[in-house]
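Participant: Coordinates for the following, if possible.
(one chain, ligands or ions: 2)
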Amino acid sequence: MKDPRGAVRIVEVGPRDGLQSIKDPVPTRVKVELIRRLRQTGLRTIELTSVVSPRAIPQLADCRDVLRMEDIKSLQREPNLRLPVLVPNIKGLDIALQYDVKEVAVFVSATEGFSKANINCTVTEGLERARNIAAKAIDCGLAVRGYVSCIFSDPFDGSTAPSAVLDCVRALQEMGCYEISLGDTLGVGCPDKVRSLLAYLEGNHISLDLLAGHFHDTYGQAVANAWEAYNCGLRVFDSSISGLGGCPYAPGAKGNVATEDLAYMFHNAGIDTGLDMLKLVETGLWISERLSRENASRAGIALANTYGLVSLPRHTEHMPSNPAPLWSPVKSKGNLLTYRAGSNFKIVLNRPKRGNTLTQNMIADLARIIENCSKDPSLSNIIITATGRFFCMGVNLGKSKPFVPQDAFSDLQVKPFTVILEKIHRSPKTTIVCLNGPAFGGGVDLAIACDVGIRIRSATLILSEARFKQGENAVSGLRGAFTRNTIFSTRSATAERLNSLGLMSEIVDDPRQLQDGLDNLLVRLNCSKSAKPRVSREFARLTREHVGREGQAATLDEIVFQITKPDVDRDDDMEVLHGGHSDDWKRALKRVWGPGRQRRTSMRGL
Ligand code: HMG
Ligand code: MG
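Facilitator: Ligands and ions are numbered 1, 2, ... in the order given. This next block holds a predicted model:
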C-alpha cells in the first residue's frame, strides 16, 4: 500500500515543453540561465531541450548550443540529477550523444491524428522509432523516459480509447522506459477522467509507480487532475515554471500545470517536493519578465505579492547587464507586423511575395504606427524591417503593375508616402532600419530616412534617375551627394559603398547576424543616457539640413553644449527642437536654450 502522504518528484519541462511553441526566438543564454535557476530551486529532474527538426520546432533549433554550454555540461556531471532531452528519432539521439546526454525522452501519441501532425508518422511507426531509439540509447548506457500524448483526446480524431493508451504504455515499458508520462496534451482532462484512466491502467497490470502525470491546463483543471492522480497513487508529475508550455501541433492547448502551483498544493498538504517555494516563485517571475509574458501561475503571483517579490532585480551576475531584447508580437497578421520589446518597437513589412511594395493601406497604417510610437513616452527606438528576400520595392501603383518604377509617382501617391518620411524625420525616437534585402525607389527613401542602418551584405539600394529629378520636392530627404553618385555611377549602392558614405552603421552576412546586430545596437542605444541619442540625432539632422548656412557654427556649438552637459533629459526641449523647421531652427534653439547662454564648448576649429 502506498504511503498516503508520500513525497512527489516534479519533472520540470519548462525549458522544453515550456519554450517550444514560443514564436520569438529566446536567446540561448536565457534558456541556460532558466535551467540554472530551476536547478537552484531544488528540482532534480529538468528536461533540457529537444533535438527535433528545426522546421518542426524552430524555437529549439539551438539545442546543440544549449547542450554545449559549460553550465549545462557541469550540471550533466552532477550525480543524482536527471536531465532528459526529448528526441524523435535516431538522428536526434545521435546528436544528443555527442553532448554527453545521460537521458533521453521518447514520445508517441496514442492517437493517429496527433501522431501524424507531430511526428509525421502513424502510431505504429512512432512506436517503432521509439523502440529503435530506446534500444540504442540503453545500449549506450542512457536512461530512457517515455511519453504517451493525447491520453484523453486528440485535436483531430476526438476522444481517445483507454485501450490505445494502454497499448502505448505497454510498448514503452517493454522497450525499457523507466518511467512513462501520461500526456493530456490538449488539457481537456478533469479529475473524473484521470481517476478512471488510472484505474483502467492499473486494472490492466500497469504499476502506477511506472507512470507520471503530464497535465496541460487549458481548462484550468491541471492542478485538480494532479491532485486526483496523486490520490490514485501517482508520485511523479511534469510541470512548467510559471505555466509555460504547449505544443504547436495541439492548437488551442495551454501550458503545463505551473510548477509553483503544484508545489504550493503539495506543500500545503504536507507532501514533500524537495523544492524551495520562494525560489520557484522568483524563477517564475524572472522568466515571465524575460519572455514579456503573463505569469500563468496563480500561486506564483499571489506569493510574489505577499512577499513583495513583484519587482525582482532583473539581472544577476550570470546575466549580461543589458540582455538582448525579447520581442513580443503586438500584431502578428497582415501586411504590417509589429513587435515590442521594452522600449523598442519593431515594424515588419510583410508582403514578401510582392517585394514588400507598400499599398496605400500599408502607407496609411505605417504613418499611424510611426505617429503613435513617436508620441509614446515609453518607447525609445523604432525599427523598420521586412520579411522575405526584399526590404521594400517601393510603392504599389496598382494591381497590374506592382513593381512599377517610382518614376511614375503621381502626386496623389507621393503625398501619403511623404507623410511617413516626414514622420520618421521628425520623430523624437531613434529610428533604425534593418535591411534584410534590396530596396528600390520608395523603399530606398524609407531606409535612408532612418537614423541608423544595419544591412545584410546582399541588400543593395537601387535608385532611378526620375527619382533624383523629383528630389527637389523633398519627398525623400535623400542625401544629395549620395543620391547623385548612386544615380550617375552604378545606380545601385552596395553595402560597402553605403557604409563608406556613413549611411549604414553595420554590414552583416546573414539574416541571423542581422537580428544579432539589431539586438546589439539596441543594447548599446538603451545603455546610453536617455536623451543623448535624441540630441545627437538632432545634431546630425541640423548638420545635414543646414550645411554652410549662416549661423550653423553657432547652432552646433549650442548643441554640443547640450550634448556634453550632464543631464539633458527633458523631452519638451527636444519637442521644441523638432518643431523647428528649416527656417526657424535658430529661433527654436533660442526658445529652448535662451539667446544669451554662454557656450561651454566650441565646435570651431574642430
Ligand atoms: P519529417 O519531415 O517526416 O522527417 O519529420 P525527415 O526525416 O524528413 O526530416 C525533416 C528535416 O528535419 C530534415 O532536414 C532532417 O534532417 C531534419 P532537411 O534535410 O529538410 O533540412 N531532422 C532533424 N533535425 C534535427 N534533429 C532531428 C531531426 N530529425 C530530422 N532529430 C520529425 C519528422 C519527427 C523529425 C519531425 O516531425 C519532428 O521533429 N517532430 C517533432 C515535433 C515536436 O517536437 N513536437 C513537440 C514535442 S511533443 C509534445 O510536446 C508532447 C509532450 O509534451 C507530451 C504531451 O503534452 O502530450 C511530450
Ligand atoms: Mg506537453
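Participant: what sits against residue 183?
Facilitator: Contacts for residue 183 (Cβ atoms under 8 Å, 6 or more residues apart in numbering) come out as 107, 147-151, 214, 216. Bear in mind the C-beta positions are built from the backbone N, C-alpha and C, glycine included.
Participant: Just those: which are in strands?
Facilitator: 107, 147-149, 214 (DSSP state E).
Participant: For the residue in the chain that ligand 1 sits nearest to, list each beta-bridge partner.
Facilitator: When scored by Cβ to the nearest ligand atom, the chain has residue 183 as its residue closest to ligand 1, at 2.4 Å. Counting by DSSP bridges, residue 183 forms beta bridges with residue 214.
Participant: Can you lay out the contacts of residue 183 as TSV showing neighbour count and pLDDT?
Facilitator: Shown next, in TSV, are the contacts of residue 183 (neighbours: other Cβ atoms under 10 Å; pLDDT from 0 to 100):
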residue	neighbour count	pLDDT
107	25	98
147	26	98
148	28	98
149	28	98
150	30	98
151	31	98
214	28	98
216	28	98
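Participant: Quick check: residues of the protein near ligand 1?
Facilitator: Contacts of the chain with ligand 1, taken as Cβ under 6 Å from any ligand atom, map to 17, 20, 50-57, 88-89, 91-92, 95, 107, 118-120, 147, 149, 183, 185, 214, 216, 247, 249.
Participant: And for residue 515, nearest residue in space, chain neighbours not counted?
Facilitator: By the measure of Cβ to Cβ, 6 or more residues apart in numbering, the closest residue to residue 515 outside its immediate chain neighbours is residue 25, 7.5 Å from it.
Participant: element containing that neighbour?
Facilitator: Following DSSP states H and E, there is no helix or strand that holds residue 25.
Participant: Quick check: which ranges of this structure have low pLDDT?
Facilitator: By pLDDT under 70, the low-scoring segments of the chain are 1-3, 310-325, 397-414, 463-505, 524, 526-606.
Participant: 50 instead, please
Facilitator: For the chain, applying pLDDT under 50 flags the ranges 311-321, 400-409, 465-478, 481, 487-491, 529-532, 564-606.
Participant: Domain ranges for it, per the record?
Facilitator: With domains defined by automatic domain parsing, the chain comprises 9-316, 328-600.
Participant: Go through these and pick out the most buried.
Facilitator: Across the domains of the chain, averaging neighbours per residue (mean count of other Cβ atoms under 10 Å) puts domain 9-316 on top, at a mean of 20.
Participant: Go ahead and confirm residue 118 touches residue 249.
Facilitator: Yes. If you go by Cβ atoms under 8 Å, residue 118 and residue 249 touch, sitting 4.3 Å apart.
Participant: check contacts around the residue nearest to residue 515.
Facilitator: By Cβ under 8 Å, 6+ apart, residue 25 lies in contact with 58-59, 515.
Participant: can you give me the strands for the stretch 351-500 of the chain?
Facilitator: 381-386, 430-435, 439-440, 452-456, 461-462, 492-493 (DSSP state E, counting those that start in this stretch).
Participant: What of the stretch 151-300 of the chain?
Facilitator: 153-154, 158-159, 179-184, 211-215, 236-239.
Participant: now those strands as TSV including distance to residue 306?
Facilitator: Formatted as TSV, those follow (distance: least, Cβ to Cβ, whole Å):
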stretch	distance to residue 306
strand 153-154	37
strand 158-159	40
strand 179-184	30
strand 211-215	26
strand 236-239	21
